[in-house]
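> here is my input, please return the structure:
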Amino acid sequence: MGDITLLRSLPWRLSAILLLTLSAAAQIRLERIATSIRNCTDIQSPRDGSGRLFLVRQEGSIAIWRDGRVLDRPFLDIRSRISTGGERGLLGIAFPPNYRDKRWFYVNYTDRSGATVIARYSLVGSDPDLADAASERILLTVQQPFSNHNGGQLQFGPDGMLYIGLGDGGSANDPQNHGQTRRSLLGKMLRIDTESDLSRYLIPPDNPFVNDPSYSPEIWALGLRNPWRYNFDLATGDLYIADVGQNAQEEINFQPRSSRGGENYGWVTMEGTRCVRAGCDQTGLTLPVWTYPRTEGLSITGGYVYRGAYYYGDFVTGKIWALRRQGQTWINELVFDGGRALAISTFGLDEAGELYLANYSNGEIYRAVQVERPVFNATGVVSAASFTPGVAPGSLMTIFTRNVLAQNTSLLASSLPLPRTLGGVEVRVNDNPAPLLAVVRNGDSEQINFQVPWELQPGATVRLQLASGVARSESVELTVNPIAPAIFGANATDALLIRASDFTLATGPIRRGDTHILYATGLGLMDLPVANGAALSQPARIRRSAILRIGGVACDIDYAGAAPGFVGVYQVNFRVANAVPAGSQDLVLTIDGTDSPGRKVLISN
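Below you'll find the predicted structure:
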């Protein structure tokens, strides 16, 4: 056996090799549009062509955002009439169909005694930006036994009826059983007609319990704990109800447009999909289409259907998800993580269908802006050495992608073990971040170099996904090969060879009888174990047989194994056989019968 010449060059050499070729539910970011809307509880558009948004403050006033700014004068100020603090206050506003001509609207607030009040207000004269606080007409008052779980939203459905979401009356675990008490309006979704007779509200004749005297006729659905934000999909008419959990699950209930009402969403028999009460009779219950545990959030805030998915968030953790239906399956995806500094109290949708949300803590209002997700496909996942397909444990791979980096840049790992993220970019292998060597954008070309985890089993299917900040690509599935030999090149065609005698780059013809070193990846397991992203500091031979041919002639191999100091790289020390023909020849490395793609070498005369 000949001497083993170790790879001692600096990491820039390998990085340069890997980058020779450089000459894919909507994620969102938040854009601040307003400040000083402290304790915002609702954001609504009157849908009157004005482009305005109405921003409800819990303290009892409503501001108008128009033409990029909040107007100095409040639209409505009824602070003297309400109780506020905790979960009480001015909680919602709703504009009836054809509001521009009607010039009246509805609010939901808790009065000085803590009762829920649904009231109508009109505008002052011809001024569209000022409501008449003296015009109040109270339609409905519901006594609240406790200070929390008031619900608070109002929403006109596609049928023109007003839907009112009321919590269970508060405390914990619905001690008075309002959610399942048929004559109580608490813990219910109500549906009333406010537009046919302005002197009072009417019961729609198609309400589900209108002919059942054991129920209050206003009830549309029951079994709710505290519906904090519910909304209709403007395209389909489907209703999404976000219901805040007790201490285990937050839930989303779905009611299709075709529903005739009468659903029982389970509280307090169930909390989400979890039994609460003894016996837990689930007969006749409509369970949520989605829940999430306390590890993900502590208080759901319902949102809107936006770009084909239902966007909602958590008041405590600042996370925003998008929930969408594919056939009979619901798919949920994290689209933004604002952390606990983002207390998402409400969402809004403007006339153009753009999404907004409020930060209860700092009074800021944001517009959601779509972020393009990274894009790649299976054919763009290739060996970092040969740019040919083949995923093998421990190998270095390149993903050709787009929408990962916003501008031209080269992000290179500078230490070992390799990091799992570079510039906020990750390659997720079966949901776990893989070690990264480089992330590069040059014009429209983007690529990521990463190491395939050693523990992947040959023959198994591996799932790859790219992450850039909060943006996530679609997943791509590939089959794991036991080996995928590939030789690093000096360019697109020629092998990169190092002279063993002086450890210099071989740039011209090589001589028969001389020993050279090539570098490769995808050669499989070695005699010594190595962690993902780490490099061995000593030689370790591969476990498989290796044959190297130049021009079809086998050459002696002194060593085939780890390139010490490098991640996922192997070196092969070989002696050029005397029988190798002169001129340009193909160099092929064969591992257990599997050939690498050929590289060119020039043999001297």
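
> where's the closest residue to residue 87 other than its chain neighbours relative to residue 105, distance?
Nearest residue to residue 87, sequence neighbours excluded (CB to CB, 6 or more residues apart in numbering): residue 148, at 4.5 Å. C-beta coordinates here come from the backbone N, C-alpha and C atoms, glycine included. Shown here: residue 148 relative to residue 105, a distance of 26 Å by CB to CB, to the nearest Å.

> okay, these two: which has more neighbours?
Counted by other CB atoms under 10 Å, residue 148 and residue 105 do not tie: residue 105 has more neighbours, with 23 against 16.

> for the helix or strand where residue 588 lies, name the packing helices and strands.
Per DSSP states H and E, residue 588 falls inside strand 583-591. Applying 3 or more CB pairs under 8 Å, 6 or more residues apart in numbering; DSSP states H and E, we find strand 583-591 packed against strand 515-521, strand 546-550, strand 599-603.

> and with 6 Å instead?
strand 546-550, strand 599-603 (3 or more CB pairs under 6 Å, 6 or more residues apart in numbering; DSSP states H and E).

> got the CA positions of the first one in PDB?
Only the C-alpha atoms of strand 546-550 are listed here, as PDB (Å, rounded to 0.1, in the frame of the first residue of the first chain):
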ATOM      1  CA  ALA A 546     -13.600   0.400  -5.600                       C
ATOM      2  CA  ILE A 547     -12.300   0.300  -9.100                       C
ATOM      3  CA  LEU A 548     -10.900   3.200 -11.000                       C
ATOM      4  CA  ARG A 549     -10.500   3.100 -14.800                       C
ATOM      5  CA  ILE A 550      -8.900   5.600 -17.200                       C
END
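
> pLDDT on it, on average?
For strand 546-550, the mean per-residue pLDDT is 98.

> partner strands of whichever helix or strand comes after the strand holding residue 588 and their direction?
Note on strand 583-591: by DSSP H and E, the next helix or strand toward the C-terminus is strand 594-595. Strand 594-595 has the following strand partners under DSSP bridges: strand 583-591 (antiparallel).

> which positions within the partner strand qualify as buried?
Judged by neighbour count using 16 or more other CB atoms under 10 Å, the buried positions of strand 583-591 are 585, 587, 588, 589, 590, 591.

> same question, stretch 350-365
So for stretch 350-365, counting by 16+ other CB under 10 Å, buried means 350, 354, 355, 356, 357, 358, 359, 360, 361, 363, 364, 365.

> and for stretch 522-530?
For stretch 522-530, the neighbour count (16+ other CB under 10 Å) marks 522, 523, 524, 525, 526, 530 as buried.

> and the two most separated of the residues you listed?
522 and 530 (14.8 Å; CB to CB).

> thinking residue 366 is in contact with residue 32, fair?
Yes - at 5.5 Å, residue 366 counts as touching residue 32 under the criterion of CB atoms under 6 Å.

> okay, the two: which has more neighbours?
residue 366 (21 against 11).

> got the phi and psi for that one?
Dihedral angles phi and psi of residue 366 (degrees, to the nearest 10) take the values phi -130, psi 150.

> when you give positions from now on, start the count at 58
Noted, 58 is the first residue going forward, which turns the last one into residue 423.

> residues contacting it?
87, 89, 414 (CB atoms under 6 Å, 6 or more residues apart in numbering).

> contacting residues around the host helix or strand of the last one?
Assigned by DSSP H and E, residue 414 belongs to strand 412-416. With CB under 6 Å, 6+ apart as the test, strand 412-416 has contacts from 97, 100, 363, 399-405, 422-425.

> rerun that using 8 Å as the cut-off
Residues from elsewhere that reach strand 412-416 (CB atoms under 8 Å, 6 or more residues apart in numbering): 85, 87, 90, 94, 97-98, 100, 110, 112, 360-361, 363, 368, 370, 377, 398-407, 421-425.

> how about stretch 470-485?
68, 456, 461-462, 466, 468-469, 490-496, 505, 507-508, 521-526, 588-592, 624.
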